[in-house]
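In: Pasting a predicted model and its sequence here:
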Amino acid sequence: MKPKHELDRGRRQRRSQPRATVYPRSVLVPINFSAESRNALKYAETLARPGRALLVLLHVVEPEIQQFDFGYGDVTRQSPNLDTLKNARVKLDALTKRLAGNDPQPLGLVRVGAVQAGILGAARDLRTDLIVIGVGGTGVPCKDSGGTVEAIVRNAPCPVLVVRNRASAPHPVQTNRHL
């Protein structure tokens with residue numbers, strides 16, 4: 001067995017070695033233009049900046065469901081509301097222009113479909129390293145966003161950071177390591 005002073009020296013040497021820093025390459029931020037999603041975007045910006053990660057802003061538009069009866073049974077049709085799509089695109093473009101100073105330039109995406117499936121599909125398609133999503137600050141999942149956030153946390157192909165609305169906006173953070 002080695003003397004105690006040799007063991008201590010080995011520990012000190014290991015501690016002094018630099019640790020690896022891991023930065024996400026892409027960060028997906030689901031945006032519904034609420035205060036919660038804007039707060040999550042601030043956190044995502046802070047996390048993306050040190051490693052120059054691609055910031056992807058995603059808005060999912062749910063299609064309108066229409067039912068018709070032509071005498072031989074109900075026919076259900078889903079189609080996107082074109083006005084809603086256009087408004088979402090305009091708002092998302094304005095948001096990405098506000099972030100224009102970031103490097104690389106943020107990407108704004110609008111998808112049509114169920115919100116949960118749209119977010120999870122985008123995360124898989126883009127090979128996202130991190131999803132940053134906002135939720136109300138009550139601590140109790142609300143009927144709308146709580147179920148969506150829970151489904152994303154459970155099924156996401158990558159880590160998910162859930163940002164409560166009551167959390168104060170992040171200050172520029174000096175980070176050594178991201179997990």
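Out: Now that the structure is in, tell me what you want to look at. Keep in mind that what you see is a predicted model, and the values were worked out from it rather than measured.
In: Could you pull up phi and psi at Pro104?
Out: phi -80, psi 160 (degrees, to the nearest 10).
In: residues of the strand or helix carrying Gly108 that come out buried?
Out: For Gly108, the element it lies in under DSSP states H and E is strand 107-112. Neighbour-count burial for strand 107-112 flags 108-112 (criterion: 16 or more other Cβ atoms under 10 Å). Just so you know, the C-beta spots here come from the backbone N, C-alpha and C atoms, and that holds for glycine as well.
In: to the chain's geometric centre, what's the distance from whatever helix or strand comes next after it?
Out: Next helix or strand after strand 107-112 toward the C-terminus (DSSP H and E): helix 115-125. Taking Cα atoms, centre = their mean, to the nearest Å, the mean C-alpha location of helix 115-125 is offset from the chain mean by 10 Å.
In: quick one, helices of the protein?
Out: 4-16, 35-48, 82-98, 115-125, 145-155 (DSSP state H).
In: how about those in a markdown table, adding mean neighbour count and distance to Val162?
Out: Listed next are the helices of the chain as a markdown table, based on neighbours: other Cβ atoms under 10 Å; distance: least, Cβ to Cβ, whole Å:
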| stretch | mean neighbour count | distance to Val162 |
| --- | --- | --- |
| helix 4-16 | 9 | 32 |
| helix 35-48 | 21 | 8 |
| helix 82-98 | 14 | 20 |
| helix 115-125 | 18 | 13 |
| helix 145-155 | 16 | 6 |
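In: Paired strands for the strand holding Gly108, with orientation please.
Out: strand 54-61 (parallel) (DSSP bridges).
In: pLDDT of stretch 165-179, averaged?
Out: Stretch 165-179 shows a mean pLDDT of 55.
In: in the protein, which ranges drop under the pLDDT threshold?
Out: Counting by pLDDT under 70, the chain has low-confidence residues at 1-20, 137-146, 166-179.
In: Try it again at 90.
Out: 1-25, 33-35, 46-53, 63-82, 84, 96-106, 135-148, 164-179 (pLDDT under 90).
In: what's near enough to touch Ser37?
Out: Residues near Ser37 by Cβ atoms under 8 Å, 6 or more residues apart in numbering: 29-31, 133-134.
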